[in-house]
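Chemist: Sequence and predicted model, in that order:
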Amino acid sequence: MSYISVRNLEKRFVIREKRQEGALLRGKKTVRALQGVSFDVERGELLGYIGPNGAGKSTTVKILSGILTPDGGDVTVGGRVPWKERREHVRHIGVVFGQRTQLWWDVPIRDSYDLLKDIYRIPAGDYRTRLAELTEALQLGDLLRTPLRQLSLGQRMRAELCGSLLHRPELLFLDEPTIGLDAVSKLALREFLQWENRQQGTTILLTTHDMEDIVALCPRVMVLGHGRKLFDGALPDLLGRYDTLRTVTVNYEEPEAVPELPASIPLARDGKNLMISYSPQEYATAELIARLQAAGTVRELTVQPQNIDRLVAAMYREMDL
Amino acid sequence: MNTIRLYLHSMRMLIRSQLQYPFSFFLQTLAQLVMEGGEMLAVVLLVDRFDHLNQWGAGDLYFFFGLMSVTFYLTECFGRGITGNFPYLVRTGQLDTFLLRPRGVLTQAMCSAADPRRITCIAVGIVALVIGSRLSAIQWTFAKTLLMAEAILCGCILILGLFMIEAIFSIYSVKSIELVNALTYGGRSACEYPIDTFPRPLRVLFTVLAPFALTLHVPGAVILGKPLFGWPAWAAWVSPLSGIIFFFLIRLCFRKAMRHYRSTGS
């Protein structure tokens, strides 16, 4: 059996609505946060979990980590049912919420780690080795004596990661780990996650809105929308479906040069540049470039695939999310 | 054993983190002294005006006041995670963090906060106990000391249980602070005075529903040599256990409530 097995997962929330004028009681509304989601994850996988806000990503993570009890369906993680054997289950997982701290605010982070050692009952020797290993990989050495509140956001995320990995979890959940981080911190974080995944064989499940995270880290991606699983597979396969438009920017020696193209392809002028949007399925790229070169002396030419965020937006639109 | 070590470790860390702001800590501790000193002043004035209340003399009144103060503020000092922060933990989703660790939720709540500023309140209570003991000329024996320790311990557990009602309500997202405060802080203010000075409804409330009278007043009266309700002396050893029973009943409800817990968005 797979390491994580999820079958027909259901979760409903009852939301109390604002009282209608004239009504005696407030109305209730049931929101079906998850409507029969199924998937499997093998040990050592690095899986990206995407979907618009409110799609049910966090709900899935909370059920998998034992915080919430589902209303239907079966889940096992490493043979255990998370909400039934909560304490035994959480011993083997680590969770990092991008917007919520798990360390203590006013004390040096080293003190927080010492307390986590007691909470997880980590043997002293193992704790020392693991802490040394993580502080080196996360470059936390100089920060161990600093209280959490004095750390920058990037430093704090690194500190959180270290805290969540001290007990060597088999499975790590990351909920929007790169939110609000600068470019350097993001890159360092991604590198670390890859290292942890390879070195320790830690299974990582990552929810994010940053598509770059997925591109850089996750061979497999799952799309969730309206509580249903919409896609499960490799990112290029997903994007291939929506990669419908490309933009060519061309700059001619002769300012009056205009290429002959079918009427269906729009042409825009931006100063000296001509911008052409086309769909590679309808019009072959090689053919287009040949036509462009025939029209005059090309000084510069770039072909750009659509921005990945736009692709995802197009995908969400088409899936009616 | 490990749980106790974890608790002590947490307390050390919490106190250290409070001392990160030493001036604020000092001022707040002072403020607590003024507050609890004011409460005690009420007893001083009462005793000054009337020299007894029912069968209770001045010393007895100081003693009951001290018993309640010490009990209540010991609880607030070491159980602050339950007496103060719980609804906040639920509202902000910090409770999720507890659920992600291989420990009980209540253990972690207890470990999550301490309120060392309350030492001044406890000190006021101890002063009242000493004055009361002198004025009422209590003959201290080992048994009496042990009985007082039992009363205070069971009282602390009762108060934790009362504050857990608030925690349970907060899980069901019901705003109930006022209602529960009537039992917790209201119970403290009322039961600084012996139970038989109150009209019947209040006597029932603080004997049966929130058994302050059984945990604190019955043993207190025996220590003072004036047993309440005409009960035999051994009853004073049994009645404080009601605080523990109360706590476990509430804990049962708490477990049930935790199954209902639905977390907050992130």
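Modeler: Everything's here; your move.

Chemist: Any idea how far stretch A:80-91 is from the middle of the chain?
Modeler: Chain-centre distance of stretch A:80-91: 24 Å, with C-alpha atoms, centre = their mean, to the nearest Å.

Chemist: got it, and stretch A:21-37?
Modeler: Put simply, stretch A:21-37 sits 29 Å off its chain's centre (C-alpha atoms, centre = their mean).

Chemist: send the alpha carbons of it over as CSV?
Modeler: The C-alpha coordinates for stretch A:21-37 follow below in CSV (Å, rounded to 0.1, in the frame of the first residue of the first chain):
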residue,chain,number,x,y,z
GLU,A,21,-34.0,41.0,8.6
GLY,A,22,-37.2,39.9,10.2
ALA,A,23,-36.0,36.4,10.7
LEU,A,24,-35.8,35.0,14.2
LEU,A,25,-32.8,32.7,13.9
ARG,A,26,-29.7,32.9,11.8
GLY,A,27,-29.7,30.6,8.7
LYS,A,28,-27.1,27.9,8.3
LYS,A,29,-25.3,27.1,5.1
THR,A,30,-23.3,23.9,4.5
VAL,A,31,-20.1,24.3,2.6
ARG,A,32,-18.7,21.2,1.1
ALA,A,33,-15.0,21.8,1.4
LEU,A,34,-13.9,18.4,0.1
GLN,A,35,-16.1,16.3,-2.1
GLY,A,36,-14.6,12.9,-2.7
VAL,A,37,-10.9,13.5,-3.1
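
Chemist: Would you mark the buried spots in it?
Modeler: A:33-35, A:37 (16 or more other C-beta atoms under 10 Å in any protein chain shown). Every residue, glycine included, has its C-beta placed from N, CA and C.

Chemist: so which of those residues comes closest to chain B?
Modeler: The closest of these to chain B turns out to be A:Ala33 (C-beta to the nearest C-beta; 10.2 Å).

Chemist: List the residues that contact that closest one.
Modeler: Residues near A:Ala33 by C-beta atoms under 8 Å, 6 or more residues apart in numbering or on different chains: A:11-13, A:56, A:59, A:227.

Chemist: In strands only, show me the buried residues of stretch A:21-37.
Modeler: Among the buried residues of stretch A:21-37, the ones falling in strands (DSSP state E) are A:33-35, A:37.

Chemist: Among those, list the two that are farthest apart in space.
Modeler: A:Ala33 and A:Val37 (9.9 Å; C-beta to C-beta).

Chemist: list residues touching both of the two?
Modeler: A:56, A:227.

Chemist: What I need now is the buried residues of stretch A:21-37 written out in TSV, including pLDDT and distance to A:Val96 for each item.
Modeler: Shown next, in TSV, are the buried residues of stretch A:21-37 (pLDDT from 0 to 100; distance: C-beta to C-beta, whole Å):
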residue	pLDDT	distance to A:Val96
A:Ala33	85	22
A:Leu34	88	22
A:Gln35	89	27
A:Val37	90	22
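
Chemist: Go through the residues you listed and say which is closest to B:Asn181.
Modeler: After measuring those against B:Asn181 - C-beta to C-beta - the closest member comes out as A:Ala33, at 34.6 Å.

Chemist: ok, back up a step: can you select the buried ones from the contacts of A:Ala33 in PyMOL?
Modeler: Per 16+ other C-beta under 10 Å, the buried members of the contacts of A:Ala33 correspond to this PyMOL selection:
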select buried, chain A and resi 11+56+59+227
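
Chemist: And the contacts of A:Ala33, which is closest to chain B?
Modeler: A:Phe13 (6.6 Å).

Chemist: Correct me if wrong, but that closest one is in a helix.
Modeler: No: according to DSSP: H, G, I helix; E, B strand; the rest coil, A:Phe13 belongs to no helix; its state is strand.

Chemist: What separation is there between it and B:Ile168?
Modeler: Noted for A:Phe13: a distance of 20 Å to B:Ile168, by C-beta to C-beta, to the nearest Å.

Chemist: which secondary structure element contains the nearest residue to A:Leu261 once chain neighbours are set aside?
Modeler: Counting by C-beta to C-beta, 6 or more residues apart in numbering or on different chains, A:Leu261 lies nearest to A:Arg291, which is 6.1 Å off, once chain neighbours are set aside. Counting by DSSP states H and E, the element that carries A:Arg291 is helix A:285-294.

Chemist: In that helix, which residues are buried?
Modeler: A:288-289, A:291-292.

Chemist: What is that helix packed up against?
Modeler: strand A:246-252, strand A:273-278, strand A:298-305 (3 or more C-beta pairs under 8 Å, 6 or more residues apart in numbering or on different chains; DSSP states H and E).

Chemist: Which other helices and strands does the last one contact?
Modeler: Spelled out, that is strand A:298-305. Using 3+ C-beta pairs under 8 Å, 6+ apart: strand A:298-305 touches strand A:246-252, helix A:285-294.

Chemist: Downstream of that strand, the next helix or strand is which one?
Modeler: helix A:308-318.

Chemist: Could you export the contacts of A:Ala33 as CSV, including pLDDT?
Modeler: Listed next are those as CSV, based on pLDDT from 0 to 100:
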residue, pLDDT
A:Lys11, 89
A:Arg12, 86
A:Phe13, 82
A:Gly56, 84
A:Thr59, 88
A:Gly227, 84
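
Chemist: Quick check: chain neighbours aside, which residue is closest to the residue in chain B positioned nearest to chain A?
Modeler: Closest contact between chain B and chain A, by C-beta to the nearest C-beta, is at B:Ser17 (3.6 Å). Leaving aside its sequence neighbours, B:Ser17 sits nearest to A:Asp106 (C-beta to C-beta, 6+ apart; 3.6 Å).

Chemist: The one you found should be in a helix, yeah?
Modeler: No: counting by three-state DSSP, A:Asp106 is not found in a helix; it is coil.

Chemist: What distance do you get for it to B:Ile119?
Modeler: Taking C-beta to C-beta, one finds A:Asp106 at 19 Å from B:Ile119.

Chemist: rewinding a little: I figured the residue nearest to B:Ser17 hits A:Thr146, correct?
Modeler: No: the pair A:Asp106 / A:Thr146 is not scored as a contact, 11.3 Å apart, by C-beta atoms under 8 Å.

Chemist: picking up where we left off before, out of the helices and strands packed on strand A:298-305, nearest to B:Trp234?
Modeler: Nearest to B:Trp234 among the helices and strands packed on strand A:298-305 is strand A:246-252; the distance by C-beta to C-beta comes to 90.6 Å.

Chemist: for whichever helix or strand comes after the closest one, packing partners?
Modeler: Next in sequence after strand A:246-252, counting helices and strands by DSSP H and E, comes strand A:267-270. With contacts taken as 3+ C-beta pairs under 8 Å, 6+ apart, strand A:267-270 sits against strand A:273-278.

Chemist: Remind me what the strand it packs on packs against, helices and strands.
Modeler: Where contact means 3+ C-beta pairs under 8 Å, 6+ apart, strand A:273-278 is packed against strand A:246-252, strand A:267-270, helix A:285-294.

Chemist: buried set for that strand?
Modeler: Those would be A:273-274, A:276, A:278, for strand A:273-278 by 16+ other C-beta under 10 Å.

Chemist: Give me the next element, helix or strand, following the helix or strand harbouring B:Tyr73.
Modeler: Assigned by DSSP H and E, B:Tyr73 belongs to helix B:58-78. Note on helix B:58-78: by DSSP H and E, the next helix or strand toward the C-terminus is helix B:80-83.

Chemist: any idea how far A:Asp175 is from A:Arg100?
Modeler: 8 Å.

Chemist: Which one of these two is surrounded by more residues?
Modeler: Shown here are A:Arg100 and A:Asp175; by other C-beta atoms under 10 Å in any protein chain shown, A:Asp175 has more neighbours (22 against 16).

Chemist: My read is that the more buried one contacts A:Thr207, right?
Modeler: Yes: in terms of C-beta under 8 Å, A:Asp175 counts as a neighbour of A:Thr207; the distance is 5.2 Å.
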